[in-house]
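Trainee: Would you be able to build a 3D model of this:
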Amino acid sequence: MTDKTSGGRALTEEELQDLVSSSDAGARNPAGSVGTFLAIVAIVWSLFQVMLASPLSNQLLPGSVINNSRQIHLAFAIFLAFMAYPMLKSSPRHYIPIHDWILALAGTFIALYGYIFYDKIVNSGGLADDTDKWFALVGLIILFEGARRALGPAMAIIATIFLLYVFFGSSQAVPDVIRWKGASLQKAMSHMWITSEGVFGIALGVSTKFVFLFVLFGALLDKAGAGNYFIKMAFGALGHLRGGPAKAAVVGSAATGLISGSSIANVVTTGTFTIPLMKRVGFSSEKGGAVEVASSVNGQIMPPVMGAAAFLMVEYVGISYVEVITHAFLPAAISYIALVYIVHLEAVKNNMPTLGNRVVSMGKTIGGMAAFFVGFALLCYGVQYPVRWITSALPNSGLLLSGLVFLAYAILLFFAAKVPDLEPDDPNAEEIELPVVGEIYKAGLYFLLPIIVLVYFLMIEQKSPGLSAFWATILLFVILLTQKPLKSIFRGENDMANAFRDGVVDLLQGLIDGARNMIGIGLATATAGVIVGTVTLTGVGQVMADLVEFLSGGRLVLMLIMVGLLSLILGMGLPTTANYIVVSSLMAGVVVELGAQSGLIVPLIAVHLFVFYFGIMADVTPPVGLASFAAAAVSGGDAIRTGFIAFFYSLRTVALPFVFIFNTDLLLIDVGWAQGILVFITATIAILVFTAGTMGYFLTRNRIYESIVLIFIAFALFRPDFFMNRIQPPFEDIAPQQFAEKVEEAPAGREFRVVVSGPDFDTGEITETTLLVAIGDEAPGTRMDTFGLLTLEEGDQIVLEEPLFGTPYAETFQAYDFYGDAFVTIKEVKAPADQMPKELIFLPALLLGLVVLLQRGRMGKEDTPEGATA
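Mentor: Below is the predicted model:
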């Protein structure tokens, strides 16, 4: 890829499609009977996954198939990987060599090993025998080769290193700090392949249950024409503004990012249209590519899919899907708002021209877009009331509700038939005629119906992600089969048969695309299972904590920076799903453990989002930033320079994790509606001010001191608690001797921070950790026993006894030695103190008005003023 872009040549459309297919769906597409056979396999895989997610799955599929669905899922992925991805760049693309058939069939058989020999494995207690271990080892080798083909060498190399560590971790060549006792081949293979601790673990289970349906939903929605519709609407709304193509690229990429699990596919899909237009209005090849990279990669942090990481977070963090996307929404939304502002500042700084001859008010545009999103949200929320009225009046109302959805679809399709079908535009045409939203919006309103169904089931009914995606996907089946025939009827055309045939072809192609797009994700989750299995088998996660603690010297902020850098490095070359699995398995525990030692106690979801944000930055950052290379292939610019500019544009994505790890209000944790609205407003202002400070431009070019003041204001808005805690301490000290008494007397909802000190079980060195003891509905007088916090007075010390197994803090104290010479003691106890509202710190942020006055006085003297139209 590098050699194609180093000469500054933009790739042709055919080369770009080959780039996407080779990285996302497989570059090999044989013709004839073999091609037909592979298409049938892909369709069968998609239909199997749809049936598996169906509420009737127990009637449609045998129990043994449902119980072993992970094995079947991986078998399809491995088979298609060796069919679709050539071994080498020089390998044939138009036929499949015999060795690939052998590897595909062998991999399929071994993936199904647990299903075929289910009774034998159950009777052995999940322990591999001499035969099992060799099949498992061959299976791992084939899996790694499939992952290398589908995902690039990074994933396979990392998994291989971890597997070698399992076998040779006891070698004298391994540094003492990470040495462990090692494992036999039989034990390792049992752990990695036979049980559900390794390859067939949680990650592959999530891929099987949830991820496939969402990837299929995205593929079908795109096949129906929604991708082109979203891009057209974005350009119609924003294309005429100053820097309009860049703003439209951001919004269009946000919309397609919602349905795409791949930042590379997002870059190429929207970038082929947006980047040439950005270059026409004055963006350099590198800056145009960087805007597309930043906006496409941000699609991976945007709910509801988040590159499939959202579903994994549900399993790893142990909270509901609705909670995950609620917590992830605000940082992702303000990050996109900031990116729109970045490209606006670039356009104003460089006095870029507008496209077309229409004068459009930016204020009206923003107001119109805000009204659309608010209206769409209210529609998704409000639909529950008529649905509940119908279901309460008619208990068996499923058919009626389905009929009403189809009626709404038919009405919207009737309006769509009144306007011409939307065709992709040519960005290189001499005259650019950007679409008019008022003329084209009818053409795709019905595409919102599946999204409304998805959001309704997820957010209102709070059904499982798999079942929600199932119903939305079924509606897309109907849309693909009927949209062309119904349009033909509404337009008075006599072409029903051909229209229906085209609909069937579109549906089948959508099923094929969904399956091919899942090959890499299926292999990624399976291969990442080896890394997770290594962590659970060897305890290497504790080693990572020790390493980070050593490098950071125990300093909290430095520790977080180290974790961020390590997450970025670990994520290099990995797709989003595998990226999250790796960084969360290795680094999330580090933040929790070392944070607790430093007194930082944050919800686990904040920790997982922290490492996830840094992990996906690997798609942007040179030298491996794959999305940057894809954008350079489109723009003809330098890939490394594109990556560095994209990283600069993504600074807010780097800064936000540090904000929400200390200020969890940004994740809407324990925040009411009124406070949530205030947090959204202040966070939006803060991110815009931060952007203006780092870009060196606000109303006009910043002086250095103005940039410093703007960044300071942004910090005050993001972290008002930082300043308030220095004015009034957030906690009051309680004598350890009074801890038990205060716990028994405290009202429900009270929290105590308890610093515990004692000898480490392994090293004997004195370590500290901070516990958050939250008072619930436990009866006074029994709380200390319920928590398992049994205390004794030894002189002036309060000594803790080892908590009983099953009590809330038993696992936390496993690292302490309760039977050594030194005691485990309560060192400090803190309780929340009365404090003035931290929002008072927003008042000094009014310094922003002073910066506005200073810059208004210079506007027009240093550069072109920002006019009424952007």
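Trainee: Could you list the domains of the protein?
Mentor: 24-201, 205-349+385-422+443-522, 671-730+841-870, 731-834 (automatic domain parsing).
Trainee: you'd agree Pro622 is up against Ile645?
Mentor: No. Applying C-beta atoms under 8 Å as the test, Pro622 and Ile645 come out as separate, 10.4 Å apart. Bear in mind the C-beta positions are built from the backbone N, C-alpha and C, glycine included.
Trainee: between the domains of the chain, which one is nearest to Gly573?
Mentor: domain 24-201 (2.8 Å; C-beta to C-beta).
Trainee: what about the closest one, average pLDDT?
Mentor: The average pLDDT within domain 24-201 is 88.
Trainee: circling back: please say which of Pro622 and Ile645 ends up with more neighbours.
Mentor: Ile645 (23 against 15; other C-beta atoms under 10 Å).
Trainee: Surely the more buried one is within a helix?
Mentor: Yes. Membership of Ile645 in a helix is supported by DSSP: H, G, I helix; E, B strand; the rest coil.
Trainee: need the contact list for it.
Mentor: By C-beta atoms under 8 Å, 6 or more residues apart in numbering, the contact set of Ile645 is Glu286, Lys287, Gly289, Ala290.
Trainee: Is the nearest residue to it once chain neighbours are set aside in a helix, a strand, or coil?
Mentor: Residue nearest to Ile645 in three dimensions, not counting chain neighbours: Ala290, with 3.8 Å by C-beta to C-beta, 6 or more residues apart in numbering. At Ala290 the chain is in helix, as set by three-state DSSP.
Trainee: Ala290 reaches Ala646, doesn't it?
Mentor: Yes. Ala290 lies in contact with Ala646 (C-beta under 8 Å); the separation is 3.9 Å.
Trainee: and for the two, which residues touch both?
Mentor: Joint contacts of Ala290 and Ala646 (C-beta under 8 Å, 6+ apart) are Ser628, Ala631.
Trainee: With neighbour numbers in mind, choose between these two.
Mentor: Each of Ala290 and Ala646 has its neighbours counted (other C-beta under 10 Å); Ala290 has more, 33 against 29.
Trainee: The contacts of Ile645 into CSV, with extra columns for pLDDT and distance to Leu379?
Mentor: As requested, these are exported to CSV (pLDDT from 0 to 100; distance: C-beta to C-beta, whole Å):
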residue, pLDDT, distance to Leu379
Glu286, 89, 40
Lys287, 89, 37
Gly289, 88, 36
Ala290, 88, 35
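Trainee: Quick check: the farthest pair among those residues?
Mentor: Lys287 and Gly289 (7.3 Å).
Trainee: returning to what we had before: if you rank the contacts of Ile645 by neighbours, which is first?
Mentor: Ranking the contacts of Ile645 using other C-beta under 10 Å puts Gly289 first, with 36 neighbours.
Trainee: dump the residue contacts of that residue.
Mentor: Gly271, Ile275, Ser628, Ala631, Ala632, Val634, Ser635, Gly637, Thr642, Ile645, Ala646.
Trainee: Between those residues, identify the one with the most neighbours.
Mentor: Ser628 (36 neighbours).
Trainee: If we ignore the residues flanking it in sequence, what's nearest that one?
Mentor: Gly643 (3.6 Å).
Trainee: What about the one you found, how many residues nearby?
Mentor: By other C-beta under 10 Å, the burial measure for Gly643, its neighbour count, is 27.
Trainee: what's the answer for Glu423, then?
Mentor: Glu423 has 8 nearby residues by other C-beta under 10 Å.
Trainee: Please apply the same query to Ala310.
Mentor: Neighbour number of Ala310 under other C-beta under 10 Å is 24.
Trainee: Relative to Glu802, how far out is it?
Mentor: From Ala310 over to Glu802 the distance is 38 Å, taken as C-beta to C-beta, to the nearest Å.
Trainee: any residues touching stretch 500-513, and which ones?
Mentor: Under C-beta under 8 Å, 6+ apart, the answer for stretch 500-513 is 25, 39, 42-43, 46-47, 216, 219-220, 222-224, 476-477, 480-485.
Trainee: How about stretch 114-125?
Mentor: For stretch 114-125, with C-beta under 8 Å, 6+ apart as the criterion, the contacting residues are Ser64, Asn67, Asn68, Gln71, Ile72, Phe109, Asp132, Trp193, Ile194, Phe200.
Trainee: Skipping adjacent residues, who's closest to the third one in space?
Mentor: Nearest-residue entry for Asn68: Tyr115, 3.9 Å, with adjacent residues in sequence omitted and distances by C-beta to C-beta, 6+ apart.
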